[in-house]
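J.: what would the 3D arrangement of this be:
(one chain, ligands or ions: 3)
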Amino acid sequence: MGLIDTAALSCGVSGLMLMENAGTAVARAIVRRFRPCRVLVLAGPGNNGGDGYVAARRLAERGWPVAVAPLAPPRPASDAAAAAALWRGPVVAADEGRVQSAELVIDAVFGAGLARDVDPGTVALLGAARRLVAIDVPSGVDGATGAVRGAAPRADLTVTFAGLKPGHLLFPGRALCGETVCAEIGMPAAAFARVETKTWRNTPVLWRLPAPAATGHKYERGHLTILAGPMSGAAILAAAAARRIGAGLVTLAGPDPAGVPPGIIVSRAALDELVTDPRRRVWLCGPGLGVEAAGQTLARLVAAGRAIVADADALTSAAGEAERLRGVAAITPHEGEFARVFPDLQADRLSRARAAAARIGAVVVLKGPDTVIAAPDGRAAINANAPPFLATAGSGDTLAGIAAGLLVQGMPAFEACCAAVWLHGAAATRAGGGLIAEDLADHLPMVVENIKKFNF
Ligand SMILES: NC(=O)C1=CN([C@@H]2O[C@H](COP(=O)(O)OP(=O)(O)OC[C@H]3O[C@@H](n4cnc5c(N)ncnc54)[C@H](OP(=O)(O)O)[C@@H]3O)[C@@H](O)[C@H]2O)[C@@H](O)CC1
Ligand SMILES: Nc1ncnc2c1ncn2[C@@H]1O[C@H](COP(=O)(O)OP(=O)(O)O)[C@@H](O)[C@H]1O
Ligand SMILES: [K+]
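T.: Ligands and ions are numbered 1, 2, ... in the order given. You can find the predicted model right below:
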């Protein structure tokens with residue numbers, strides 16, 4: 001049982017009432033999407049099964065032909081047993097033929113109580129469904145991590161309750177949920193207040209973008225320094241993004257970056273000179289820099305106490321030596337870079353990002369289709385707005401530029417990184433399928449305008 005469920009019960013709410021509301025919400029979601037058809041409910045032994053019995057009763061009350069196939073009897077004297085006792089319709093054996101001939105199957109086998117791998121017989125049954133509606137999660141998906149325990153079916157619709165769980169947002173779970181509906185089931189506000197939430201879906205309600213002061217000048221909006229190396233395109237992409245998101249001034253520091261647009265300042269001054277300039281508070285270190293140079297400059301910037309976003313080659317320079325990253329504000333690794341820096345961290349993405357953030361005392365942005373942003377104090381956000389065409393060279397450099405560009409405007413590191421990841425996904429969605437990394441920055445202003453319009 002989830003923390004919120006336990007808190008609800010200790011607030012005096014009856015579990016049976018929540019179950020009644022949950023099953024009713026499932027039936028309502030089905031009625032809204034499908035024409036009346038023959039339904040088979042596969043019911044497990046716990047409360048997930050109990051929700052299934054309620055959904056069966058609610059659909060039958062509307063005249064739908066429904067049968068329940070219990071995979072195990074409900075636990076004695078449980079809420080699920082009470083819900084099962086109220087079911088007056090047909091109870092049939094759970095066999096593959098019945099599942100195949102049903103026009104819609106409700107997966108009420110396992111939910112939040114999934115405790116081990118699902119057995120092959122249950123996997124085969126669920127896999128035989130023509131159309132599947134999952135209660136809470138497709139059975140086999142771990143709601144806390146999105147991992148699959150043994151196997152899990154692909155649902156057409158998943159109806160969950162009170163709030164999305166990490167497993168609805170993290171792959172592979174996300175891909176198996178189909179359309180996901182979150183139903184309100186009367187969970188009291190006091191129950192939410194009792195549970196200290198530390199994991200969120202990344203949306204604009206989590207952060208507030210900086211706004212320039214009416215009388216501000218460019219240095220007040222922030223002066224970002226980006227180290228440029230032999231692959232200067234990476235630093236130029238990051239600089240464009242930082243400028244579009246509102247950094248007042250962006251300097252590329254490097255020997256001779258080629259093809260720099262006119263609004264970007266280039267400095268060939270020695271690092272020792274630049275790093276002592278107090279206005280150069282925030283730095284981006286890594287994209288296109290070369291591993292050796294990145295390692296050396298990173299150490300120098302950390303020693304100078306600068307706020308640093310470390311990406312790409314700066315991360316590779318810390319392979320197997322995560323302690324080299326202590327002192328930075330944020331790191332933005334993809335899976336490969338993460339594995340290089342933290343080879344011993346092997347758990348799910350959410351836990352790994354959290355553990356890494358705690359270890360180095362910095363925000364970790366573990367990139368991917370379900371990017372996780374984790375802070376050293378345990379807060380974490382999971383991002384779900386990134387389209388797959390972001391998988392194109394240079395889009396990570398752009399993300400690092402957005403994050404550094406927000407950091408330099410005074411946003412705290414966790415909020416800056418959450419905002420950067422969401423804006424990056426929203427810009428990619430606006431850019432559409434043919435996007436290349438160069439396009440992303442140009443879409444940022446409209447994305448920001450839309451956020452303002454919706455009053456986030
Ligand atoms: N509580 C509330 O307030 C609300 C809860 N709600 C609903 O309750 C659901 C959670 O219910 P739950 O805690 O009873 O767990 P559930 O997922 O039904 O399964 C537990 C049973 O399955 C068994 N089992 C586990 N894994 C297994 C495996 N691989 N293979 C075989 N057996 C396995 C496990 O066995 P055991 O480990 O005890 O041996 C136990 O008997 C939640 O998802 C939501 O739908 C809603 O009604 C809203 C309000
Ligand atoms: N399948 C995907 N769906 C959504 N976003 C993705 C996907 N694959 C990668 N991304 C995003 O694209 C970016 C790629 O970054 P990275 O791998 O560092 O690229 P590069 O080094 O070429 O700039 C990251 O922000 C990542 O989250
Ligand atoms: K289920």
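J.: make it CA atoms for all contacts and neighbour counts henceforth
T.: OK.
J.: quick one: residues contacting the residue in the chain sticking out farthest from the centre.
T.: Relative to the C-alpha centroid of the chain, counting by C-alpha atoms, centre = their mean, residue 88 is the outermost residue, at 41.5 Å. Counting by C-alpha atoms under 8 Å, 6 or more residues apart in numbering, residue 88 touches residue 57.
J.: how about the nearest residue to the residue in the stretch 201-350 of the chain that ligand 2 sits nearest to, chain neighbours excluded?
T.: At 5.3 Å from ligand 2, residue 334 is the closest residue in the stretch 201-350 of the chain, using C-alpha to the nearest ligand atom. Nearest residue to residue 334, sequence neighbours excluded (C-alpha to C-alpha, 6 or more residues apart in numbering): residue 367, at 4.7 Å.
J.: can you check residue 81 too?
T.: Nearest non-adjacent residue to residue 81 (C-alpha to C-alpha, 6+ apart): residue 74, at 5.1 Å.
J.: you'd agree that neighbour is up against residue 45?
T.: Yes - here residue 74 reaches residue 45: they are 4.3 Å apart, a contact under C-alpha atoms under 8 Å.
J.: where do the contact lists of the two overlap?
T.: In contact with both residue 74 and residue 45: residue 80, using C-alpha under 8 Å, 6+ apart.
J.: contacts only, for the one residue in the stretch 151-300 of the chain that gets nearest to ligand 3.
T.: Using C-alpha to the ion, residue 158 is the residue of the stretch 151-300 of the chain that sits closest to ligand 3, at 8.4 Å. Residue 158 makes contact with 133-138, 177-181 under the criterion C-alpha under 8 Å, 6+ apart.
J.: picking that back up, and for the residue nearest to residue 81, the neighbour number?
T.: 23 (other C-alpha atoms under 10 Å).
J.: so it sits in a strand?
T.: No - using DSSP: H, G, I helix; E, B strand; the rest coil, the assignment for residue 74 is coil, not a strand.
J.: now do the residue of the stretch 201-350 of the chain closest to ligand 2 against ligand 3, distance only.
T.: Noted for residue 334: a distance of 31 Å to ligand 3, by C-alpha to the ion, to the nearest Å.
J.: flag every residue of this structure that's near ligand 2.
T.: Residues of the chain lying close to ligand 2 by C-alpha under 6 Å from any ligand atom are 334, 367-369, 371, 386-388, 390-397, 399.
J.: now the buried members of those residues.
T.: Burial by neighbour count, 16 or more other C-alpha atoms under 10 Å: within those this picks out 334, 367-369, 371, 386-387, 390, 394-397, 399.
J.: which one of those is nearest to ligand 3?
T.: residue 369 (24.1 Å).
J.: if we can go back for a sec, list the contacts for the residue nearest to residue 81?
T.: Counted by C-alpha under 8 Å, 6+ apart, residue 74 has contacts 44-46, 49-50, 80-81, 84.
J.: so which of these is the most crowded?
T.: Most surrounded of the contacts of residue 74: other C-alpha under 10 Å gives residue 49, at 35 neighbours.
J.: I'd assumed that one was in a helix, is it?
T.: Yes - counting by three-state DSSP, residue 49 is found in a helix.
J.: which residue packs closest to it, ignoring adjacent ones?
T.: Spatial nearest neighbour of residue 49, chain neighbours left out: residue 43 (4.3 Å); criterion: C-alpha to C-alpha, 6+ apart.
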